[in-house]
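Peer 1: generate a structure from the sequence data that follows.
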Amino acid sequence: MKTKGIEKILVTGGAGFIGSHVANHYAERGNEIIIIDNLSRAKIFGLSNKASLYNLNYLKNKYNNINFIDGDIRDFNLMRKNVKDVDVIIHTAAQVAVTTSVKDPRMDFEINALGTFNILEAARLSNNNPTIIFCSTNKVYGSNVNKIPIRECETRYCFSDERFLNGVPEDFPVDLCEHSPYGCSKLVGDIYAQDYAHIYGLKVGVFRMSCIYGERQFGVEDQGWIAWFTIATLTNKPITIYGNGKQVRDVLYISDLIEAYDAFIKSNLKHEVFNIGGGPENTLSLIELISLLKELTGKETKIFFDEWRVGDQKVYISNISKAYEKLGWKPKISPKEGVKKIVKWVKENISLFK
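Peer 2: You can find the predicted model right below:
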């Protein structure tokens, strides 16, 4: 059922993993959906045409209330034209890989910083005063996360400082540290989104996401590690682990993320920043995921080990208590249940990955 007062929703990056699930969610409820996507992920990550168009074709075949625009968020005139009469903007379009940002920092900046600015400015100039969801990232905290004391356990690293046993909070420092160009560009968008809420009165939810996963995610080595490990295991492709594999992340299934977005959109909150992930109850290390995949698939994953990547966070876990307190939200899907869903989807679509 449509949310009262919300008819038209713009989803940037709507042919991607998160964006397509957002479009799916609201199209199912009868909203008019506009997707703007330049379909660049395939080129950046070397995906096949079948994979690059999969999510878009899935949506087109399922719904008649979705309008797709092959466009780029770096085009301000395009954004202004399509933002002027929407009620909600869910901004998922981004350059998403740290390694890509190092290779091509200009492209990274123009997509993540300038592209986000274009959306915010178009919203400011709109007469509709749209609600905005901005997909930020835990990478805005940069290498400060690595200053939190940790201990090494049998299959994972853990925070040893009791102040962080529930995870990293939203007021954790973002300055005086290394970020990578990706972390910098996303932080620019994050701060601009906050300021546009404070100065211009826009309703803005900034969601600093940890590891989001689910079906229709075409993971690659540089991005989407849960999906990538699953795809590689089922197609007998080798996986390179940088470090010892005890790196830990909190993981959040895609439907749980969208419920958090929806809770903010429906709320009376004007502006908030949320760290969003599975929290301390939903975590996996790399080698724990490999063990889980063996249990679910009966297959051995081909693993190679290499040197640690510079700036890699050994542990990142989101403190999600603010989202619970202000939105009444908490994750519902456990890592085992979520990974089981991905395994099933990859098996059913195995030709996409060969």
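Peer 1: what's the end-to-end length of stretch 236-254?
Peer 2: This stretch, stretch 236-254, spans 26 Å end to end (Cα to Cα, to the nearest Å).
Peer 1: buried sites along it?
Peer 2: 239, 241-242, 245-254 (16 or more other Cβ atoms under 10 Å). Any C-beta I mention is one placed from the backbone N, CA and C, and that applies to glycine too.
Peer 1: swap in stretch 126-134?
Peer 2: S126, P130, T131, I132, I133, F134.
Peer 1: SS state for the fifth one?
Peer 2: So the one you mean is I133. strand (DSSP: H, G, I helix; E, B strand; the rest coil).
Peer 1: what sits against the closest residue to it other than its chain neighbours?
Peer 2: Leaving out its chain neighbours, the residue that sits closest to I133 by Cβ to Cβ, 6 or more residues apart in numbering is I90, at 4.5 Å. By Cβ atoms under 8 Å, 6 or more residues apart in numbering, I90 lies in contact with I9, L10, V11, T12, G19, V22, I132, I133, C135, Y261.
Peer 1: distance-wise, check V102 relative to I239.
Peer 2: 21 Å (Cβ to Cβ, to the nearest Å).
Peer 1: same question but for N77, I mixed them up
Peer 2: Going from N77 to I239 by Cβ to Cβ gives 43 Å.
Peer 1: next up, the contacts around N138.
Peer 2: V145, V168, R208, M209, S210, N275, G277, Q313, Y316, S318.
Peer 1: assumed the third one was part of a helix.
Peer 2: No - looking at R208 with three-state DSSP, it is strand, so not inside a helix.
Peer 1: partner residues bridging it?
Peer 2: S136, N275 (DSSP bridges).
Peer 1: do you know the pLDDT at it?
Peer 2: Model confidence at R208, given as pLDDT, is 98.
Peer 1: ok, the one 5 residues further on next?
Peer 2: Per-residue confidence at Y213 stands at 98 (pLDDT).
Peer 1: now swap in the one 3 residues further on and tell me
Peer 2: Among the per-residue scores, R216 holds a pLDDT of 96.
Peer 1: go on, N49?
Peer 2: 69.
Peer 1: which of the buried residues of stretch 236-254 fall within helices?
Peer 2: I254 (DSSP state H).
Peer 1: so which of the buried residues of stretch 236-254 are in strands?
Peer 2: I239, I241, Y242, V248, R249, D250, V251, L252, Y253 (DSSP state E).
Peer 1: nearest to K139 among those?
Peer 2: Closest approach to K139 among those (Cβ to Cβ): R249, at 11.8 Å.
Peer 1: buried stuff in the helix or strand bottoming out on mean pLDDT in the chain?
Peer 2: Across the helices and strands of the chain, mean pLDDT, DSSP states H and E gives its lowest value to helix 41-45, namely a mean of 74. Residues R41, A42, I44, F45 are the ones in helix 41-45 that count as buried (16+ other Cβ under 10 Å).
Peer 1: ok, stretch 54-63 next?
Peer 2: Y54, N55, L56, L59.
Peer 1: hang on, the third one packs against I36?
Peer 2: It refers to L56. No - taking contacts as Cβ atoms under 8 Å, L56 lies outside contact range of I36: 11.8 Å.
Peer 1: hey, what's in contact with both of the two?
Peer 2: In contact with both L56 and I36: G14, using Cβ under 8 Å, 6+ apart.
Peer 1: doesn't the residue nearest to I133 belong to a helix?
Peer 2: No - using three-state DSSP, the secondary structure at I90 is strand, not a helix.
Peer 1: show me what contacts V248?
Peer 2: Contacts for V248 (Cβ under 8 Å, 6+ apart) come out as R156, Y157, C158, T283, L284, S285, K314, V315, Y316, I317.
Peer 1: re the thing from before, format the buried residues of stretch 126-134 as JSON lines; extra columns: pLDDT.
Peer 2: Below are those laid out as JSON lines (pLDDT from 0 to 100):
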{"residue": "S126", "pLDDT": "96"}
{"residue": "P130", "pLDDT": "97"}
{"residue": "T131", "pLDDT": "98"}
{"residue": "I132", "pLDDT": "98"}
{"residue": "I133", "pLDDT": "98"}
{"residue": "F134", "pLDDT": "98"}
